[in-house]
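Undergrad: build me a model:
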Amino acid sequence: MLQSERTETTGLGARRARTAHGAAFVETGQGEPLVLIHGVGMRLEAWAPQIAALSSRCRVIAVDMPGHGESDRLDRDATLGDFVAWLGAFLDDLKLERANLAGHSMGALIAGGAAASFGERIRRVALLNGVYLRDADAKAAVVARARTIGKGAADVDGPLKRWFGEGSETAPVYELTRNWLQAVDPEGYATAYNAFAHGDDVYAARWPEVRCPALFLTGSEDPNSTPEMARAMAAAAPCGWAQIIEGHRHMVNLTAPDAVNAILAEWLSGEGERS
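TA: Got it, this is the predicted structure:
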C-alpha cells in the first residue's frame, strides 16, 4: 500500500512517491514493469537516460536505494541479503507479481540476489557493471574503503577517477555524479558500501539456478566490474548474455546511454537471449 506523501521534484517530470516501507520512487510509462536500482552513492536520477528511452515501451519504476535519495535507511549492519529483502518488500508494496529488474553496481548485486531468491517473480534481470567473485587484492581494497567510509571519511575523488578515468573531469556527467556523491547521506552510504564490499560472493554460486533471461553488461575499461566478471556470470546463468561497451568504464549507462538503451531494449524484447 502506498502512502500519499510525495516529496521533491526529481527533474524527470515526476515527483517521488513513497511506499509504506519508506522507499522513494518515480514511475512513468505503461506496460510490463521494469524496476531500476542504482549504485552506491547515487540516486534514482542516475537512470535518467534509461527512464526517458524505455518509458515508451514499459512501465519504468526507478527507486532510491535505502539511505539514498529520499528512501529510508536500513540498519547500519545491514547485509546484501537485507537489501534483497528490502527489494522484495518494495515489490510487495507496489503489488508487482512479476517484474523485469535492472541494477547498476550495488544495484546489480541486489538484482542478482533477487533473481536467485524470488524465482519466477523476476521475469528478466540485467546487471550493469556488476561485480562477481573479486580476487584477493580487489576484495582487500574494497573492504578497506568500506572501513574508511564507515569512519566518516568518505572520498569523492577516488570513486570518480575509478568510474570515469583520468581526463573526464570536465564532462557534465562527471560533475553530476560528483554532486550526487557529495549529497548522499553518510550513514546510508556507509551501510550500503559495507554490504557492497562483502556482497560479491553471497549469491555468486546461485547463477545456475536463475532460469530467466539474464543480461550482464559492463564497460571494457571498468577496472572493478570487469568484462571477465560479466562473461563469467553469463556463462554460469542458463540464459545468460554478456555485452561489453568498448571504451567505457563504470558509469556506462551515463557515458554511453544510446548503446546501453539499445541493449536494454533488445533484452526487454527477448531477443539476444541464449537458449
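
Undergrad: state the mean pLDDT of stretch 145-153.
TA: Average pLDDT, stretch 145-153: 94.

Undergrad: and that stretch, which residues are buried?
TA: Counting neighbours by 16 or more other CB atoms under 10 Å, one finds that the buried residues in stretch 145-153 are 145-146, 149-150. In this view, the C-beta of every residue, glycine as well, is placed from N, C-alpha and C.

Undergrad: of those, which belong to helices?
TA: 145-146, 149-150 (DSSP state H).

Undergrad: looking at those residues, which is nearest residue 25?
TA: Nearest to residue 25 out of these is residue 149 (CB to CB; 25.1 Å).

Undergrad: which residues does the closest residue to residue 27 other than its chain neighbours form beta bridges with?
TA: Once flanking residues are discounted, residue 27 sits nearest to residue 61: 4.4 Å by CB to CB, 6 or more residues apart in numbering. Applying DSSP bridges to residue 61 yields these beta-bridge partners: residue 27, residue 35.

Undergrad: for residue 61, give its distance to residue 125.
TA: The gap separating residue 61 from residue 125 is 15 Å, by CB to CB, to the nearest Å.

Undergrad: repeat that for residue 219.
TA: Computed as CB to CB, the residue 219 to residue 125 distance reads 19 Å.

Undergrad: picking up where we left off before, my guess is the residue nearest to residue 27 meets residue 37, correct?
TA: No - checked against CB atoms under 8 Å, the pair residue 61 and residue 37 is beyond contact range at 9.9 Å.

Undergrad: those two: who's more crowded?
TA: The neighbour comparison of residue 61 against residue 37 (other CB atoms under 10 Å) goes to residue 37, with 29 against 25.

Undergrad: in contact with the more buried one, which residues are there?
TA: Each residue near residue 37 by CB atoms under 8 Å, 6 or more residues apart in numbering is listed here: 63, 65, 87, 101-104, 106-108, 110-111.

Undergrad: what sits closest to it if chain neighbours are left out?
TA: Excluding the flanking residues, the one nearest residue 37 by CB to CB, 6+ apart is residue 107, at 3.3 Å.

Undergrad: that neighbour: how many residues sit nearby?
TA: By other CB under 10 Å, 30 other residues sit near residue 107.

Undergrad: and it, what pLDDT?
TA: For residue 107, the pLDDT comes out at 98.

Undergrad: gap between it and residue 63?
TA: The spacing between residue 107 and residue 63, counted by CB to CB, is 9 Å.

Undergrad: now residue 182
TA: As judged by CB to CB, residue 182 and residue 63 stand 21 Å apart.

Undergrad: out of these two, which sits in the busier spot?
TA: residue 63 (27 against 10).

Undergrad: any chance of TSV for the ones in helices among the buried residues of stretch 145-153, columns distance to residue 211?
TA: TSV is the format used below for these (distance: CB to CB, whole Å):
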residue	distance to residue 211
145	35
146	33
149	36
150	37
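
Undergrad: wait, which of those residues is closest to residue 200?
TA: Comparing these against residue 200 with CB to CB picks out residue 146 as the nearest, at 12.0 Å.

Undergrad: so that closest one touches residue 192, yeah?
TA: No - assessed by CB under 8 Å, residue 146 is found out of contact with residue 192, at 9.7 Å.

Undergrad: just to revisit the earlier point, list just the nearest of the ones in helices among the buried residues of stretch 145-153 to residue 228.
TA: Using CB to CB, these come closest to residue 228 at residue 145, 21.2 Å.

Undergrad: for that closest one, give me its contacts.
TA: Applying CB under 8 Å, 6+ apart, we find residue 145 in contact with 155, 158, 193, 197.
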